[in-house]
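J.: okay, sequence plus prediction incoming.
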Amino acid sequence: MEFTARQYRWRFPRPALVMGILNVTPDSFSDGGCFLDPERAVARGEELVAQGAEFIDIGGESTRPGAAPVDESEELRRVIPVVRALAAKTQAVISVDTRKAGVARAALDAGASVINDIEAHRTDPELWKTVAATGAGYVLMHMQGTPQTMQQDPHYEDVVQEVSAFFEERLLRLEEQGVRREQVLLDPGIGFGKTLAHNLSLLRGLGVISALKRPMLLGVSRKSFIGRLLGAEPDQRIGASVACALWAAEAGVTVFRVHDVAQTVQALRMREILNNQTNTR
């Protein structure tokens, strides 16, 4: 099994990959407003790489529940200078968290190699055409509804089976648009149109999704379901976030999108040592 993103190629099984979160937004749930200044954002990206992140995921539009949409010009203003600077300064793979084809095109032109798309249920194929034409990596995420509506009343008969079926259908749609399966990571979308029970079911059912034979990305870092379970504020959810990462690694997840890179990398490397897995990258 492989994942390719432009000039990059990874073969699995292999040691886990960590994607550091870099939100250049005023309103993201955990770090909103911290890195709006491009210089601070670039410094934070370099810090995440030094801590062991092999990917930096840059987002210019918050997608937390209820977040207001951002127009394309503003998202470009926030994101592109940071993409360009980090692509020049680091060896990390640059990912951009966007729903907009125009932002995806500009980010790829500026040096990004992966598009992280929360709106993979889309009907407009323009973003997919951009991914196909450039050979970019693509994170195919499941979400029910939109950030404005997704937590109003999410409903599933069987969340694990329905998310798995969504991925199967989307992989076929992507192939029709010229996106090869090797370009795709699957993200079950923890917290995106799911209740607490749905999130726990998905975490317990990750093995079902791994049967699709595509690498999985998991984003649980500091999410609100942890707070509801343990009564912890976002900056107090690091231990639980790392625990979820270790659980998911046992189920076959290979890429972890996190705020707390150093702690996650250390835990994953220790797990690999104890399992007698190589830590050669």
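T.: Arrived safely. Residues are numbered from 1 along each chain as shown.
J.: any weak-confidence spans in the stretch 151-281 of the chain?
T.: Low-confidence regions of the stretch 151-281 of the chain, defined here as pLDDT under 70, cover residues 277-281.
J.: all strands of it, in order?
T.: In the stretch 151-281 of the chain, the strands defined using DSSP state E, counting those that start in this stretch lie at 184-187, 217-218, 255-258.
J.: was I right to think Asn199 contacts Pro188?
T.: No. The pair Asn199 and Pro188 does not pass the contact test of C-beta atoms under 8 Å, sitting 9.1 Å apart. C-beta here means a position set from N, CA and C on the backbone, and glycine is covered the same way.
J.: neighbour count winner among the two?
T.: Higher neighbour count among Asn199 and Pro188: Pro188, with 31 against 24, using other C-beta atoms under 10 Å.
J.: tell me the contacts of the more buried one?
T.: Met141, His142, Val163, Leu202, Leu206, Ile209, Met216, Leu218 (C-beta atoms under 8 Å, 6 or more residues apart in numbering).
J.: do the same with Leu185
T.: The contact partners of Leu185, by C-beta under 8 Å, 6+ apart, come to Phe3, Gly137, Tyr138, Val139, Leu140, Arg214, Pro215, Met216, Leu217, Val255.
J.: buried set for the helix or strand Val83 falls within?
T.: Secondary structure assigned from DSSP states H and E places Val83 in helix 72-89. Of the residues in helix 72-89, those buried by neighbour count under the rule 16 or more other C-beta atoms under 10 Å are Glu75, Leu76, Arg78, Val79, Ile80, Pro81, Val82, Val83, Arg84, Ala85, Leu86, Ala87.
J.: following element in sequence after it, please.
T.: The element immediately downstream of helix 72-89 (helix or strand, assigned by DSSP H and E) is strand 93-97.
J.: could you check how far the nearest residue to Ala132 once chain neighbours are set aside is from Val93?
T.: Setting aside the residues directly before and after it, Ala132 is nearest to Gly178 in space (C-beta to C-beta, 6 or more residues apart in numbering), at 3.4 Å. Counting by C-beta to C-beta, to the nearest Å, the separation of Gly178 from Val93 is 21 Å.
J.: just among the contacts of Pro188, which is most surrounded?
T.: Using other C-beta under 10 Å as the neighbour criterion, Leu218 leads these with 28 neighbours.
J.: so who does it touch?
T.: Taking C-beta under 8 Å, 6+ apart, one finds Asp187, Pro188, Ile190, Leu206, Cys244, Ala245, Ala248, Val253, Val255, Phe256, Arg257 in contact with Leu218.
J.: could you do Met1 as well?
T.: With contacts defined as C-beta under 8 Å, 6+ apart, Met1 is in contact with Arg11, Phe12, Pro13, Lys213, Arg214, Pro215.
J.: just the buried residues out of those, in PyMOL syntax.
T.: To isolate the buried members of these in PyMOL, using 16+ other C-beta under 10 Å:
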select buried, resi 214+215
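J.: mind checking what secondary structure Ile58 has?
T.: Secondary structure of Ile58, reduced to three states by DSSP: H, G, I helix; E, B strand; the rest coil: strand.
J.: what's across from it in the sheet?
T.: Here Ile58 shows beta-bridge partners Leu22, Val96, assigned using DSSP bridges.
J.: so what's it up against?
T.: The neighbours of Ile58, taking C-beta under 8 Å, 6+ apart as the test, are 22-24, 41, 45, 79, 82-83, 86, 94-97, 107, 112.
J.: next one, pLDDT for it please.
T.: Taken from the predicted model, the pLDDT recorded for Ile58 is 96.
J.: tell me the one of the contacts of Leu185 nearest Pro69?
T.: When those are compared for distance to Pro69 (C-beta to C-beta), Val139 comes out closest, at 19.5 Å.
J.: ok, the closest one - contacts?
T.: Residues touching Val139, when contacts are defined by C-beta under 8 Å, 6+ apart, comprise Ser95, Val114, Ile115, Asn116, Asp117, Val184, Leu185, Asp187, Leu217.
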